[in-house]
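Trainee: What follows is a protein structure lacking sequence information:
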DNA sequence: CAGTTGATCAACCAGTTGGTTGATAATTAA
DNA sequence: TTAATTATCAACCAACTGGTTGATCAACTG
């Protein structure tokens, strides 16, 4: 599943854009679970949930292990961290810009008086 | 643009899933810009960029002001914060789970000896 | 006024997505 | 071996997405 970091971000953000997949993430944050366990609460077919899980796996947000006929899913916190990291970089940049603008405005006001 | 927080997350994460829109976000983090300014670096039509900007605006990640015939775009750090907040909640939950599991394993190991 | 600039609207197209049903594989239990 | 369980594959479909071109609108500028 080697991917450029650009494609990682594409697929991971796309994965989080679906409410079913976010609910799966929320469930998995409380511990590993199988496809059947994950599918149970949803009003859609198990196949549809299986597809969602494949999307999450391809995005790197979850990993899967083999246990006989089960394929338990595990949430990967590092993948989540990569996303917050991208967002926070730009959020902090824009907040810094705002502070700089405030400073400039304060300076102008002082010159007036 | 009143939306439920579920729909907010849907559209905001979907917005970030596109590399062009992420590049627009990155540009806007360094300060406001107009559609033409934003479109200039991309090898696609201005109309396509205009659509991307509308997606960003609808998702709440950016806001727009009027300045005569210009429509400058501004990045909204609070909208970004809402996303990191959602992600971090679940990332911290799963990390907590990991630590609990480690503790259980340590306890079992101790009982063996 | 006419012309230019900034931005959007409208219609269209190819590719992707999220869902379905039905068949199939693989492992476990009787 | 047969039957049940877990999960996936395959084909299909409606809806959405990201791009295009061409027309249009609104606001400056000569």
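Mentor: Sure, I can see it. These numbers were taken from a predicted model, which means no experiment stands behind them.

Trainee: use CA for all of it now, contacts and neighbours both
Mentor: Will do.

Trainee: Please list all residues in contact with the spatially closest residue to residue A:90 that is not a sequence neighbour.
Mentor: Nearest-residue entry for residue A:90: residue B:29, 5.6 Å, with adjacent residues in sequence omitted and distances by C-alpha to C-alpha, 6 or more residues apart in numbering or on different chains. The neighbourhood of residue B:29, defined by C-alpha atoms under 8 Å, 6 or more residues apart in numbering or on different chains, consists of A:90, A:91, A:93, A:94, A:97, B:75.

Trainee: Let's see the pLDDT reported for residue B:29.
Mentor: Model confidence at residue B:29, expressed as pLDDT, equals 98.

Trainee: Helices of chain A, residue ranges please.
Mentor: A:5-16, A:19-29, A:35-39, A:46-58, A:77-112 (DSSP state H).

Trainee: Among the contacts of residue B:29, which one sits closest to DNA strand D?
Mentor: For the contacts of residue B:29, the closest approach to DNA strand D (C-alpha to the nearest atom of the strand) belongs to residue B:75, at 18.5 Å.

Trainee: Any idea what that closest one is bridged to?
Mentor: Taking DSSP bridges as the rule, residue B:75 bridges to residue B:62.

Trainee: what's the burial count for it?
Mentor: 28 (other C-alpha atoms under 10 Å in any protein chain shown).

Trainee: Tell me if I'm right that it and residue A:95 touch.
Mentor: No: because the distance of 9.6 Å does not satisfy C-alpha atoms under 8 Å, residue B:75 is recorded as not touching residue A:95.

Trainee: excluding its backbone neighbours, what's nearest residue A:32?
Mentor: residue A:74 (4.9 Å).

Trainee: I'd like the distance between the one you found and DNA strand D.
Mentor: Residue A:74 is 12 Å from DNA strand D, where distance means C-alpha to the nearest atom of the strand, to the nearest Å.

Trainee: residues contacting that residue?
Mentor: A:28, A:31, A:32, A:33, A:62, A:63, A:64.

Trainee: Swap in 6 Å and give it another go.
Mentor: If you count contacts by C-alpha atoms under 6 Å, 6 or more residues apart in numbering or on different chains, residue A:74 has them with A:32, A:62, A:63.

Trainee: Repeat that for residue A:22.
Mentor: Going by C-alpha under 6 Å, 6+ apart, residue A:22 touches residue A:16.

Trainee: Which pLDDT does the model give it?
Mentor: Residue-level confidence at residue A:22 comes out at 98, pLDDT.

Trainee: now do the one 10 residues further on
Mentor: What the model reports for residue A:32 is a pLDDT of 97.

Trainee: Isn't it up against residue A:71?
Mentor: No: proximity of residue A:32 to residue A:71 does not meet the contact threshold set by C-alpha atoms under 6 Å, at 10.0 Å.

Trainee: Neighbour count: these two, which is higher?
Mentor: residue A:32 (20 against 16).

Trainee: And the more buried one, how far from DNA strand D?
Mentor: Summarising the geometry, the distance separating residue A:32 from DNA strand D, computed by C-alpha to the nearest atom of the strand, is 11 Å.

Trainee: same check, this time on residue A:20
Mentor: Relative to DNA strand D, residue A:20 is positioned 15 Å away (C-alpha to the nearest atom of the strand).

Trainee: Tell me, how many residues neighbour that residue?
Mentor: Burial measure for residue A:20: 17 neighbouring residues, criterion other C-alpha under 10 Å.
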